[in-house]
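In: Got a sequence here, can you build the structure:
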Amino acid sequence: MAAANKRPANLSTLTPASKPTISVEEWEASAPLGDLEVKSVNYIQAASERAALPPKFSVEDPSSSSRPSTPTIRGKLGQGSRPSTPNLSAAHRHNASHALHPKQPIQTPQQFYDWFSLIDRSVTHSQEAHIRAHLESVSDHLETCDRLIQRIDDIDREVEDMLQGWRSVEESGKSLKDACELLLQERDRLLDMTVSIDERLEYFQELEHATRMLNHPGESLVLQTDFLYMVERVDICIDYLKAHRHFKEAEIYLLRFQQCMTRAMTLIKMYFVGSLRALTTDVSKRLSEKDVSTTAQMHLLYTRFQTVSGPLAPLLAELERRAQAHPDDLSALLAECHTAYFSARKSLLVGRLMEEIKGLDPAHTELVELTRAGCSYLKQLCTDEFNLFRAFFNSGEEHLYQYLENLCDYLYDDLRPRILHEQRLTALCEVCTVLQALMVLDIPSVPDSSSDEEADLDELTVDLDQPRRHRGLRTLHISHLLQMVLQDAQTRLFFKAQSVIQAEIRYYVPKPEDIAYPDTLVAARKPVSGTEIKEKQSVSRIFQVKSWDKQETWYPTLQKTVWVLSQLHEFVKPAIFDELAQEAIKYCLQTLVSAAETLRSKKPPESVYDGHLFLLRHLLILKEMTQNLDLVHRNVDRGIDLSGVPESLASVLGKTTSLLPNALLTSLGMPRDEDTTDVRHGIDQLLKQACEDVITAAADAVSGSLRSWAERVRLLYALDNDPVGPNGEPELPRMDYSLQNSWAGADSAISSINGIPYRLERQTHDRAMQLRLYIEDERTVEVLLKHIQERIVDDWMYFRNLAWNLYNGAIRNKIPTEDMIREMVANGFREDWVYQEVPIPYSFADVVASRIAAAAASSSNS
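Out: Residues are numbered from 1 along each chain as shown. Model prediction:
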C-alpha cells in the first residue's frame, strides 16, 4: 500500500509538462449550445453511460495475478461526470489480443505512461464517436440541402425563362394594341375633320337659303315663322364669320350676310311703319266722329294699339337686338321706328290733351288744385303712354322721356308762370308737397322673366318659342318729368322765404305788445278754448317738439323763424335749407338780443330780470329747434330728445358758482367752441351768457346789497384777524367800534340780520315764481334755482365771515349759519310758500343767538 501511495508522486515527477487545458465553463462560454444541441448531447451522454468497458479492462480477482491489478473503475466511471467508454461486444471482451493490451509487460514507469496515454486516447476517441456520428449526419443534411437549393435554382431559371417569354408576348400584344389605337385615332381625326368641314360649310351654305327667302315677294314675309328663324341664323353666321375672318372668301360672305340682315330689318321697319300708319289713320277717323265717349276714346287710343302690338312686338324685339349688336348698320332703322311711333301717338293725343288742360282753367283755378289735378292727369297719361310704348319696344328710353316731356310742356306752359308769381309761401309749400307725393308714387318695377344669357354664337339652333328680351324699359320714373316744375316751385319758395326773412325777421320793428312781458305770459296761463288748443297742437307737430305748446307767447320773429323753417324743411334741398336756416336763425338771434335790451331798459331795475329771462326763454326754444334741424354739422341726430338736458345741466352747474363752464354746452347737447363753426355756436354762447345773467340778476335782487355792503367794509377797514405790518398796525385802518351810528358799525350789521324775516324769503319766492313763469320745464327751473340759491348763500357767507372778524366778536353768536340761510332760501323757492307776518319790532339776531346757544347745549349734552 505504501508503494502504491508513493506511485503517483513518482509518476508526477516523471510526467512531462502538461498541455494547456480549458475548463468546461470557458468551453460553454466560447461555444454556447442551443436547445436542440443540448438535447442531442444529453441523449448521447445517456447512451454512453450504459456502455461497458472493454473485456481487457474488466475487473479481475487480485489474487489471480502476481502483479498489482489495476483499480476497479467500472463503478467510478459510471458515477463520474465524464461519459463512460462505449460497451464492447462479448467477443472482444474475451479477446486477449486486444489492441490496447500491452504487447510486452510493463516494466518501467515510462512504459506504463505510454500505455496509459494509449488508453486515454482510446477512451477519448470512444467518447467523441457520437459527436462524429452527429457531424456525419449533419453533413448528410447539408448535402441534401445543397441539392435542394440546386434544384430550386434550376426551377427559378426555368420560371425566369417562362417570364421572359410572357413579357415578349405582352410587348408584342401592346405594340399591336398601340398600332390599332393609332389607326382608330386617325379614323376619328378624319371623321372630326369631316364634321368640322361640314359645320363650317353649313354657315356658308346658309347664304343661299337666306337670299332665296328674302327674294320672296310680299309684305307678309315678316309674319312667317321661318322669317325670324332665318334672321336668327343669319345673325349667327355674321358673328361666326367675324370671328373667323381668316377663312377663304370670309369677307365676301360676311358682306353678303350683312346685306341680308339689313334687308330683313328694313322689311320689319317697313311693315311696322305701314301697320302703324294704317292704324293711326283709322283711329283718327274714328276719333273725329261726334259723340265719342271717354271709354271709346281709351279703347281707340290704347286697346287697339295693344292688340296690334302682339304680332309687331317680336319683330321689333329682333330689330332692337340686332340694332344693339350692330349699331352702325341698324340703329338708324330703329330710330326711324321710334320716330314714326312718337309722331303717330302725338298726332292722336295733342288735341285731347289740349282739351283736358283747357277744362282745368289754368288762369283761374287755385294754384295747388291746378297742380294736383294737372300733374295727376299728366302722370296717368304718361303711365299709359309708357305701358303702351313698352308693349312695342324694349329700348329707346331717352326718346320716350323726350316725348313725354313734350306732352307735359302743354301743362307746364300754363303752370310755370303761376308758380313764379305766387306770393303765398304756404301755397308754394303745398305745391311742393303735391309734386313730391306724385314723385314718390312711381310705377313699380315690371318683373322681367326673360333671361339675359345669349345663345352660343357658334350654334345654328334657334328657339323661337322663347324670344329673348334684353333688359330695357322697366319703370316709369315720373320724377324725371315733374322735376322741372318742382325745381321752379323750390326756387320760388327759396326767394319768397328769403323775402320773408328779410322783411319779417331781420327788419322787424317790434310793437309795444310784442315786449309786454311778463304780462303776455300771465295772460297765456289763463284757460283757453279747446279749438285754440287744437290749433296750437297742430302747429307744434311740424318739428315734433313737445315744449312748443304756446307759441303766441313767443317773440314774433321767433314765431316767424319757426314757421318759415317748418315750411321749407321738407321742400328744399338740405344744402339750401341749411343756408336759409342759418340766415333766419342769425337774424332771429339779433332781434331777440335787441328785444331783451329793450325790455331791460323798460322799467329798471325791475325789468332787468325780465329782460334776462325773456332772452333765456327764447334761446332755449331756439336751441331746441336747431337741435332738431341738424344744420351743417351732421354730428347731432335729428329729433334729439332734450328731456335729459336738465339733469346734465344740474350735474355741471352743481360744481361751480362762477361763470358757466364750457362743459355746460356739452351737457346741453351743444358742441364745444372749437368744434363748430355754424350758427349753433352763436346760440350756445348767448345761452351760456343768458344763464349766468339770470343767476346773477336773481341773486343780486335778493342779496346783492348785502354783498356790496360787505365788500365796501372790507375795502375800507381792517379785520380783527388781519396781519400787522412792521409798525404793529395792519395796512388798512381799524374800525372805531365806539361810534354807534356808523354805517359800518355793529348796529348796521345787526339791522341787516334783523331784516332777513321781512325780505329774504319773500324776495327769493318772487324771483323763483318769476323764473317759473318764463321757463315752463320744472327740471330746468330747479337747476337754475339751485345755482341762485348757491349764489345767495355765498353772499351771506361772505357777510358772515366779514362780521365774524369785526366788532371784537360781539355779534358772532347773532350771525345766521349757512344751514339757516340755505333753509330759508329753499323755503322761499317753494311754489306753495306763504308769507307769515312778523311782529314789529322783531330781533331776528336774538332769535339766531338763542338757536345757536340751544344747538351748542344740545351738542355738549350729547
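In: quick one: M820 and A845 touch, right?
Out: No. If you go by CB atoms under 8 Å, M820 and A845 don't touch, sitting 11.9 Å apart. (Each C-beta comes from the backbone N, C-alpha and C, glycine too.)
In: Looking at these two, which has the bigger crowd around it?
Out: A845 (20 against 16; other CB atoms under 10 Å).
In: how close does that one get to I756?
Out: Distance of A845 to I756, computed by CB to CB, to the nearest Å: 9 Å.
In: V572 too?
Out: In this view, V572 and I756 are 59 Å apart by CB to CB.
In: Show the secondary-structure elements that the longest helix seen in the chain is packed against.
Out: Longest helix of the chain, by residue count under DSSP state H: helix 129-214. The helices and strands touching helix 129-214, judged by 3 or more CB pairs under 8 Å, 6 or more residues apart in numbering; DSSP states H and E, are helix 35-49, helix 225-243, helix 250-287.
In: Out of the ones you listed, indicate the one that is most buried.
Out: The highest average neighbour count among these, using mean count of other CB atoms under 10 Å, belongs to helix 225-243 at a mean of 19.
In: average model confidence for that one?
Out: The average pLDDT for helix 225-243 rounds to 82.
In: Also stretch 777-792?
Out: Rounded mean pLDDT across stretch 777-792 is 88.
In: Would you indicate which residues of that stretch are buried?
Out: 777, 780-781, 783-792 (16 or more other CB atoms under 10 Å).
In: So what's the gap between it and the chain middle?
Out: Distance, stretch centre to chain centre, for stretch 777-792: 45 Å (CA atoms, centre = their mean, to the nearest Å).
In: quick revisit: tabulate the helices and strands packed on helix 129-214 in CSV, adding columns for distance to I505.
Out: Formatted as CSV, these follow (distance: least, CB to CB, whole Å):
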stretch, distance to I505
helix 35-49, 126
helix 225-243, 69
helix 250-287, 56
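In: Counting by contacts, list what the host helix or strand of R121 packs against.
Out: According to DSSP states H and E, R121 maps onto helix 109-127. Here helix 109-127 touches helix 2-14, going by 3+ CB pairs under 8 Å, 6+ apart.
In: what pLDDT, on average, does the helix or strand following the helix it packs on get?
Out: Using DSSP H and E, the helix or strand that follows helix 2-14 in sequence is helix 24-30. Averaging pLDDT along helix 24-30 yields 76.
In: how about helix 24-30: buried residues?
Out: So helix 24-30, judged by 16+ other CB under 10 Å, has zero buried residues.
In: And the contacts of it?
Out: I22 (CB atoms under 8 Å, 6 or more residues apart in numbering).
In: With stretch 488-508 instead?
Out: 416, 419-420, 422-423, 425, 428-429, 431-432, 435, 556-557, 560-561, 564, 567-568, 571-573, 576, 580, 583-584, 587-588, 590-591.
In: hang on, the earlier thing: average pLDDT across the longest helix of the chain?
Out: pLDDT averaged over helix 129-214 gives 89.
In: next one: stretch 280-288
Out: Mean predicted lDDT for stretch 280-288 stands at 86.
In: how about that stretch as CSV, C-alpha atoms only?
Out: Output in CSV follows, covering the C-alpha atoms of stretch 280-288 (Å, rounded to 0.1, in the frame of the first residue of the first chain):
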residue,chain,number,x,y,z
THR,A,280,-103.4,105.8,-86.9
THR,A,281,-105.5,106.8,-89.9
ASP,A,282,-108.3,104.5,-88.8
VAL,A,283,-108.2,105.7,-85.1
SER,A,284,-108.0,109.4,-86.2
LYS,A,285,-111.1,108.9,-88.4
ARG,A,286,-113.0,107.3,-85.5
LEU,A,287,-112.0,110.0,-83.0
SER,A,288,-113.1,112.7,-85.4
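In: Need the contact partners of that stretch.
Out: Contacts of stretch 280-288 (CB under 8 Å, 6+ apart): 292, 296-297, 300-301, 304, 344, 347-348, 352.
In: Separate out the buried members of those.
Out: 300-301, 304, 344, 348.
In: can you redo these as a markdown table with secondary structure?
Out: Converted to a markdown table, these look like this (DSSP: H, G, I helix; E, B strand; the rest coil):
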| residue | secondary structure |
| --- | --- |
| L300 | helix |
| L301 | helix |
| R304 | helix |
| A344 | helix |
| L348 | helix |
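In: Show me what the strand or helix carrying E355 is packed against.
Out: Using DSSP H and E, E355 maps to helix 327-360. Counting contacts by 3+ CB pairs under 8 Å, 6+ apart, helix 327-360 packs against helix 250-287, helix 304-325, helix 367-392, helix 397-420.
In: That one versus helix 304-325: what angle between them?
Out: Per axes from the mean of the first three to the mean of the last three CA atoms, to 10 degrees, the angle that helix 327-360 makes with helix 304-325 is 150 degrees.
In: and helix 327-360, how far out from the chain's middle?
Out: With CA atoms, centre = their mean, you get 49 Å for helix 327-360.
In: And it, what's buried?
Out: Result for helix 327-360 [16+ other CB under 10 Å]: buried residues 329-330, 333-334, 337-338, 340-342, 344-345, 348-349, 353, 356-357, 360.
In: where does the stretch 651-800 of the chain have low pLDDT?
Out: 651-678, 720-721, 725, 728, 736-741 (pLDDT under 70).
In: cool, the stretch 251-400 of the chain as well?
Out: For the stretch 251-400 of the chain (pLDDT under 70), the answer is 362, 364.
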